[in-house]
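1. Here's my sequence, what's the structure:
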Amino acid sequence: MGIRVFLLKPLDKNRTWLRRYVSSAEAKCPLPFGFHDAMVPFGEYDYPYATVPPGDDYPKWSEYENSIKPPIEDIRWPTQCGCGYQFTPEDTYQLFVHQLYEGAPDGQLYTIREAPAGALWYATWYNSKDEQGNVKWGVYWDNQTGPSLMCKLPNGREWDIDSRCSNCTLPDDRTHRCWVRHGEPPNIHVDKNGHTCSAGAGSILAGDYHGFLHNGELTPA
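-> Predicted coordinates for the structure are as follows:
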């Protein structure tokens, strides 16, 4: 049974958390991250992402954060790490922010981190500008004309469909695609049918997941 993919669309809205953390050689934590860390939900707030041209920094981002970030005296800030460590006034106070997306089959809004398996989205932040100020999409190809398409896999990994695979047989070529995608998201098919290298058979291997994206569905290999 495959997982039908769906296209997420970005909103001019963020989901936020209040975060306390400390990472230093003197503050080791026994939990998996290795440093003391805690977050609590804080709320959802508007931000005009749509007005920011690709390749530009978000204007007045610090002013936006400062307008909603509560003072350190606010009782909503976390007070301790999951290991029991008590945060001190010197430890970092951070407003943790992630953009929200719509388009999930269940009608819920998600951040990229929270998105379920099968989610597709465009990584518009994978870009730079040339000397003339033109946007250069992606980092792997000289002929990429749009943002990279990402996919959330069943094991939670994020797959950049437009990236170079780790076993690419044409590592110096910057015009082919290791995964060739056909169609328009979410109705896409990914294979090796096109200008490509000879690595693999169009499948994706990421951690403990091995599968294909065929005819709009993630299917196990």
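
2. Which strand residues bridge residue 150?
-> With DSSP bridges as the criterion, residue 150 is bridged to residue 121, residue 160.

3. By residue count, what's the longest strand in this structure?
-> strand 9-22 (DSSP state E).

4. Mind listing the strands that one pairs with, and their directions?
-> Assessed with DSSP bridges, strand 9-22 is paired to strand 36-46 (antiparallel), strand 92-102 (antiparallel).

5. buried residues in it?
-> 10, 11, 13, 14, 15, 16, 17, 18, 19, 20, 21, 22 (16 or more other Cβ atoms under 10 Å). For the C-beta atoms, the positions are set from N, CA and C on the backbone; glycine is no exception.

6. Let me know the pLDDT of the residue lying farthest from the centre of the chain.
-> Using Cα atoms, centre = their mean, the residue of the chain lying farthest from its centre is residue 73. It sits 31.9 Å away. pLDDT recorded at residue 73 is 96.

7. burial measure for residue 141, as a count.
-> 19 (other Cβ atoms under 10 Å).

8. likewise residue 136?
-> 15.

9. contacting residues around residue 115?
-> 8, 101, 104, 121, 152 (Cβ atoms under 8 Å, 6 or more residues apart in numbering).

10. Just give me the closest of the buried residues of strand 9-22 to residue 163.
-> Nearest to residue 163 among the buried residues of strand 9-22, counting by Cβ to Cβ, is residue 10 at 20.2 Å.

11. Residue 48 is in contact with the closest one, correct?
-> No: assessed by Cβ atoms under 8 Å, residue 10 is found out of contact with residue 48, at 11.6 Å.
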